[in-house]
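sequence isn't available, so here's the structure alone:
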């Protein structure tokens with residue numbers, strides 16, 4: 001099983017940007033499917049973005065609510081997965097979690113608040 005540590009959350013005004021980072025330790029990072037999820041108060045946890053690899057091909061998935069605004073990427077040399085969030089909206093406010101599969105490992109979460 002891997003250990004995940006997120007960082008990069010904070011308070012940002014609507015229209016602003018943040019970049020979340022998730023450092024992965026414990027196993028071979030490059031073979032994992034990595035995802036970003038979020039959970040807003042009173043709501044269920046939902047997937048935001050996911051990145052996986054098959055051979056030399058990288059696949060990404062984005063929830064409809066973030067398409068065109070968020071971008072997921074990975075740096076295998078740093079064992080880190082990123083979530084670049086642009087044009088943030090108040091409805092993006094949530095705790096953001098990093099997830100790794102196989103093994104369904106989770107980080108502790110990082111708070112993102114979008115407010116003026």
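Good, I have the coordinates. The shown structure was predicted, so the numbers you read here are calculated from the model rather than taken from an experiment.

all contacts plus neighbour counts: C-alpha atoms, from now on.
Fine.

extract the residue ranges of the chain that are flagged as low pLDDT.
27-28 (pLDDT under 70).

point to the residue nearest the middle of it.
In the chain, the residue lying closest to the centroid (C-alpha atoms, centre = their mean) is residue 36, at 3.0 Å.

give me the nearest residue to that one, chain neighbours excluded.
residue 98 (4.8 Å; C-alpha to C-alpha, 6 or more residues apart in numbering).

against which helices or strands is the one helix or strand that neighbour maps to packed?
Assigned by DSSP states H and E, residue 98 belongs to strand 94-101. Here strand 94-101 touches strand 3-7, strand 33-39, strand 105-106, strand 110-114, going by 3 or more C-alpha pairs under 8 Å, 6 or more residues apart in numbering; DSSP states H and E.

surely residue 9 touches residue 114?
No: counting by C-alpha atoms under 8 Å, residue 9 sits too far from residue 114 to count as a contact (10.3 Å).

so who does residue 99 touch?
4, 34-37, 105-107 (C-alpha atoms under 8 Å, 6 or more residues apart in numbering).

for residue 62, give its distance to residue 25.
As judged by C-alpha to C-alpha, to the nearest Å, residue 62 and residue 25 stand 24 Å apart.

tell me the buried residues in the strand holding residue 98?
94-100 (16 or more other C-alpha atoms under 10 Å).

and for stretch 84-96?
85-86, 88-89, 92-96.

near residue 32, how many other residues are there?
Number of residues near residue 32 (other C-alpha atoms under 10 Å) recorded here: 18.

spatially nearest residue to it (excluding sequence neighbours)?
Spatially, and ignoring its direct neighbours in sequence, residue 32 is nearest to residue 101 (5.6 Å; C-alpha to C-alpha, 6+ apart).

show me what that neighbour is bridged to.
Using DSSP bridges, the beta-bridge partners of residue 101 come out as residue 33.

residue 81 now?
Beta-bridge partners recorded for residue 81 (DSSP bridges): residue 22, residue 74.

mind listing what it touches?
Residue 81 sits next to 21-24, 34, 72-75 when contact means C-alpha under 8 Å, 6+ apart.

nothing else from me, thank you.
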